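**Student:** My questions concern the predicted model and sequence given below.
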Number of protein chains: 2
Amino acid sequence: MPQQLLTNFRSYITAQQLFDPSQRILLAVSGGSDSVVMARLFKAAGFTAGIAHCNFQLRGEESVRDEQFVQQLAASLDMPLYNVRFNTEEWAASHQVSIQVAARELRYGWLETIRIQEGYSYIATAHHMQDSVETALMNFCKGTGIAGLHGILPKQERLIRPLLFTDKDVLTAYAALHGISFVEDSSNITDKYTRNFFRHHVIPQIQEVFPAAIKNMDGSIARMKEAEILYQEALAKHRKRLLFKEGNTFRVPVRKLQLAVPLQTIAWELFRAFDCSPAQTQQVLSLLDSESGRYVETSSHRIIRNRNWLLITPVPLEEAPLQVIEASQSHLSFGDRQLRIRRQERGTETIPATPSIAWLDADKITYPLILRKWKQGDYFYPLGMSRKKKISRFLIDQKLSLPQKENVWVIESAKRIIWIVGMRIDDRFKLTQGCRRVLVLET
Amino acid sequence: MPQQLLTNFRSYITAQQLFDPSQRILLAVSGGSDSVVMARLFKAAGFTAGIAHCNFQLRGEESVRDEQFVQQLAASLDMPLYNVRFNTEEWAASHQVSIQVAARELRYGWLETIRIQEGYSYIATAHHMQDSVETALMNFCKGTGIAGLHGILPKQERLIRPLLFTDKDVLTAYAALHGISFVEDSSNITDKYTRNFFRHHVIPQIQEVFPAAIKNMDGSIARMKEAEILYQEALAKHRKRLLFKEGNTFRVPVRKLQLAVPLQTIAWELFRAFDCSPAQTQQVLSLLDSESGRYVETSSHRIIRNRNWLLITPVPLEEAPLQVIEASQSHLSFGDRQLRIRRQERGTETIPATPSIAWLDADKITYPLILRKWKQGDYFYPLGMSRKKKISRFLIDQKLSLPQKENVWVIESAKRIIWIVGMRIDDRFKLTQGCRRVLVLET
C-alpha cells in the first residue's frame, strides 16, 4: 500500500518510540531508492532532518554522480547536507580489513561524528523489512544462536531504522507513485556478494512456494525477539546461581555447572563475558572432568580448575612501557610511529573523518597524559556509545589479528582513556556543541 | 565419512539414549536409500529389529515393486517383515484431508499398532540431518515461533530417529561403498512439493554461498533446542505468576498481565492451553482495555473480563444425546451411522489398520458402554501416547472442519473414553501381548 506508507511510517515511529518529533534526525542517504524515499517521508511528515552522504570513491564517476544527486536532493528538500569522501581502499589496506568492513567502519564512525558535532539526536538508516529478513535468514544458514534471528533492530544506541515496518516493494511502488527519482544504491556494499545472492536468488525462489515469505519471516523474527527476552530472563537466573564475584576473581561451582541444563548454552553465555570463544568454551567444559591446576586462557582471563571450583582471574599484566606527555609537548615517537599534538580554537571546520586524527574537547583534558600499550582490564566509552566497553572486546569486534592487537596504544588522562590511538576516541571527551577549544592528536 | 558411519551411528544412539541394545526396534522402511541404509546399520550393529513397510498404492506398479523390494530386503537381513496396503486415496476423500495428511496418519497409526502388537519398544524412522534442517528452514519461511526451529527431534514418545546425526550425502556414499541397492523413496510423500522444492532448489542454492549450510543450520538448530529449554523455564515462572486455578475456572490478574514482558508471547503461550488461536489471543489482549462482561470464546473455553480479572471457564456443555450399550448388544444406529459390536478370542490375526475398526482388550472393558457425541472437557490417551490429550486439541490436530467436528462420537466405559469412533482408540485399552479376549467395534 504505497498510499498508506506515510501514515504507517508515522505510526511505526510512535509505536516503537524511535524519536520525538521535536528531535533532529540525521539521515544516511546513499541516493538509492530506499534512502531517498526515507528522506521524502521525513520531509512529508514534517520532521526536522539533515542529510549525510558518504562517497567511498569505489566506483569512479558513478560515485561522483551519486554524490551530486544527493546534493541536489538535499537542496530540493531544503535540508542541511553533510558529505565526505573516503579513501576506502587505502584505509582497508592499511587496517588489513575487507573493503566491506572498511566502508562500514568509516561510514558509521563519520556519521556519529557529524551527529554529535551538529547536534542531531539520532542517525536514521533506510533498512527495510527485507534487509532484516535477509540478515536473519543468512545468520540461520551460517549457524546462529537465538540473537542471530532477531534480524535488524529498530533502535540501537543512537541508530534508528524507521522503515523496518515495510517491504522493499512498497518503497519502490511509493517512489513510482510520486515520481521520485533515485540512483543505483551504493550503500549496500556491506556483505555485498552474499546479501545480493540471497536477495536476488534465494529469497525469490523461496517466494515461489511461500509467496508471503518476507512477511512470514518477519513474523518469525518478531517471535524470536520476544523469545530472546524470555531466554535472557532465564539466563540471568542461571548466572546468579553460578557466578560469584570476589574482588577481581570470579568463582563457578563445578558440580552445579555440571548439572546445569542446557549445559552448552549456559556455559557459552557464562564464559563469553571472559572472552571465551566457542572452541574455548568446550575446553572449559572439559575442565569439569579434569584435575586441579588445569586451565584455559582466553585473551583476557585464565579459567582455572581449583578443586570444586573454576576460578576466573584476569591474565597477569605485562609491565607495559609508558610515556608521559606534558601540556607543552607537540611531538613524540612511540614504537615505530609518531604522535603530533596541537591545540586550536573551535571554528567552523569539519571534524576530520579519518580515525588517525582525534579531535577532543581540550577543556575536559587533565595533564599529564599517559601514552601506553593497552592492557587487560582497560575499558573506555567508544564514541557513540553510552556504555563502557572493554578494550579486549572492542579489538575483537574490530577483527584485528593478534600481532595487530599487540600493537594497540591508548592515551589516558586522569586514568580515563581518551583515545585508542588511530582507532576510536572516547565518547566522554568528544566535541560537543558548546566546545571552544580542541586538542588535536594525530598519528 | 561413510567408513565411520557405523561407529557414529552407535555413538549417537548411546549419547541420545535412544534405546537400549536389549530392546527390539521396529524400522519404518520405504525401500529408499535412507531407510535401507538404516536397516543395514541395525543389522551391522547387532541390534534386534523388524521391518515395517506401507504400500500407499499411489504409484501403481512402482508401489508393488517397492513392496517386493522390501520383502526381499527383510529376508536377506533375516528380519521379521510387516506390511500393509492402504487405500490412501479413498481414506483421504472420506476424511476430507490431503493425500499427504492421509498417508502420514495411516502410516503412523499402523506402525504404532504393529509396534504394540508385536512388542517392539520403539519405531525408528530414517530422517537425517538434511530432513531436520529442511523442516526448520521451511518453518522459518512459514513464520514460526521458537519451537518451529528445533528441527526434527531424535526422540518423541515411541518414535526415534537414529540417523539425525548424519547428512544425506554420507548415507548415499555408504550405500555406494557397500554396494547397497535401493528403490526410489516413496516415504517422502509428506509435504512432498514444498519439501522437494527446498531440497532440490533452495538449499543447493544456499550452498553456493555457504557450502557448509546443512551443518551450519544443524548448529543453529542445536542452539535453538537449548534456547527453547531456557525459554520454557522463563515461561513456567510467568505462568505461575499469572494463572490461578479455582475449581474448573482459571483467573488471570489483568494488571499483572498488562505489565508482562514480552506480552505477545506470554499471552500466546498462556491462552493456547485454552484452545486460543493466534487471532483470538489478540482479542483476549484487547479485553485488557475493555469493560467487565466482554469475552472471547474459543472452541473449549470462555475468557471473560470481570473487573480486575480475566476468568477462564469451560464452555457450557450442550445436553448431548447418549445411548447405553449393554454387554449383550451387537448392533445399534447412531446419527446416520451404524455400530457393530462383537467379541472374539485373540488369535494370530493382524490387527486391522483401518481406523473404522477398533480392537480393544475386552478384559479391561466395564459395561454398560456409553455412546455419545464428544463434549468440551473430554480427554483420552490417544493410541501411542503416554499422556492424556484433550479431544478438542486432538480434533484440531486432525484438521477436521467444524461440521466434521460436530459429528464426532465417542464410546466410554466406566467414564473413560475407549474410542473416538472411526478415528483413534485409547492407549489404555489397546491390545497388549498377554491379551486373550478382544472387543471389536466397527462403524
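**Tutor:** Looks like it arrived, so ask away. Since we're looking at a predicted model, the values are computed, not measured.
**Student:** In three-state terms, how would A:M38 be classified?
**Tutor:** Three-state call for A:M38 (DSSP: H, G, I helix; E, B strand; the rest coil): helix.
**Student:** List the contacts of the closest residue to it other than its chain neighbours.
**Tutor:** Excluding its sequence neighbours, the residue lying closest to A:M38 (Cβ to Cβ, 6 or more residues apart in numbering or on different chains) is A:A126, at 4.3 Å. All C-beta spots, glycine's among them, are computed from the backbone N, C-alpha and C. Contacts were defined as Cβ atoms under 8 Å, 6 or more residues apart in numbering or on different chains; by that measure A:A126 touches A:L27, A:A28, A:V29, A:S30, A:G32, A:D34, A:S35, A:V37, A:M38, A:R161, A:L163, A:S187.
**Student:** From chain B, how far off is A:A126?
**Tutor:** Computed with Cβ to the nearest Cβ, to the nearest Å, the distance linking A:A126 and chain B is 24 Å.
**Student:** Pretty sure that residue sits in a strand.
**Tutor:** No: secondary structure assignment places A:A126 outside any strand; it is coil (three-state DSSP).
**Student:** Now it, what are its backbone angles?
**Tutor:** phi -90, psi 30 (degrees, to the nearest 10).
**Student:** In three-state terms, label whichever residue of the stretch 301-443 of chain A sits closest to chain B for me.
**Tutor:** Proximity of the stretch 301-443 of chain A to chain B (Cβ to the nearest Cβ) peaks at A:K399, 19.3 Å away. Under three-state DSSP, A:K399 falls in the coil class.
**Student:** Relative to A:A102, how far out is it?
**Tutor:** 11 Å (Cβ to Cβ, to the nearest Å).
**Student:** neighbour count winner among those two?
**Tutor:** A:A102 (24 against 13; other Cβ atoms under 10 Å in any protein chain shown).
**Student:** That one: what's it in contact with?
**Tutor:** A:T88, A:E89, A:W91, A:A92, A:H95.
**Student:** Buried residues, the helix or strand containing it. List them.
**Tutor:** Using DSSP states H and E, the element containing A:A102 is helix A:99-118. Neighbour-count burial for helix A:99-118, with 16 or more other Cβ atoms under 10 Å in any protein chain shown as criterion, is recorded at A:99-103, A:105-118.
**Student:** which strands and helices sit next to the helix or strand harbouring A:Q68?
**Tutor:** Per DSSP H and E: A:Q68 is located in helix A:61-77. Where contact means 3 or more Cβ pairs under 8 Å, 6 or more residues apart in numbering or on different chains; DSSP states H and E, helix A:61-77 is packed against helix A:33-45, strand A:48-55, strand A:81-85.
**Student:** Let me see the ranges of the helices in the stretch 251-400 of chain A.
**Tutor:** A:254-259, A:263-271, A:278-287, A:391-397 (DSSP state H, counting those that start in this stretch).
**Student:** which parts of the stretch 151-300 of chain A sit against chain B?
**Tutor:** Neighbours of chain B within the stretch 151-300 of chain A, by Cβ under 8 Å from any Cβ of the partner chain: A:193-194, A:197-198, A:201-202, A:205-206, A:208-210, A:213, A:215-220, A:222-227, A:229-231, A:233-235, A:237-238, A:261-262, A:264-266.
**Student:** Any of the residues you listed buried? List them.
**Tutor:** A:194, A:197-198, A:202, A:205-206, A:209-210, A:213, A:216-220, A:222-227, A:230-231, A:233-235, A:238, A:262, A:264-266.
**Student:** quick one: contacts of stretch A:227-242?
**Tutor:** With Cβ under 8 Å, 6+ apart as the test, stretch A:227-242 has contacts from A:146-147, A:150, A:252-253, A:256-257, A:260, A:266, A:269-270, B:145-146, B:227, B:230-231, B:233-235, B:237-238, B:261-262, B:265-266.
**Student:** could you redo the last one with a cut-off of 6 Å?
**Tutor:** With contact meaning Cβ atoms under 6 Å, 6 or more residues apart in numbering or on different chains, stretch A:227-242 is reached by A:146, A:150, A:252, A:256-257, A:266, A:269, B:146, B:227, B:230-231, B:233-234, B:262.
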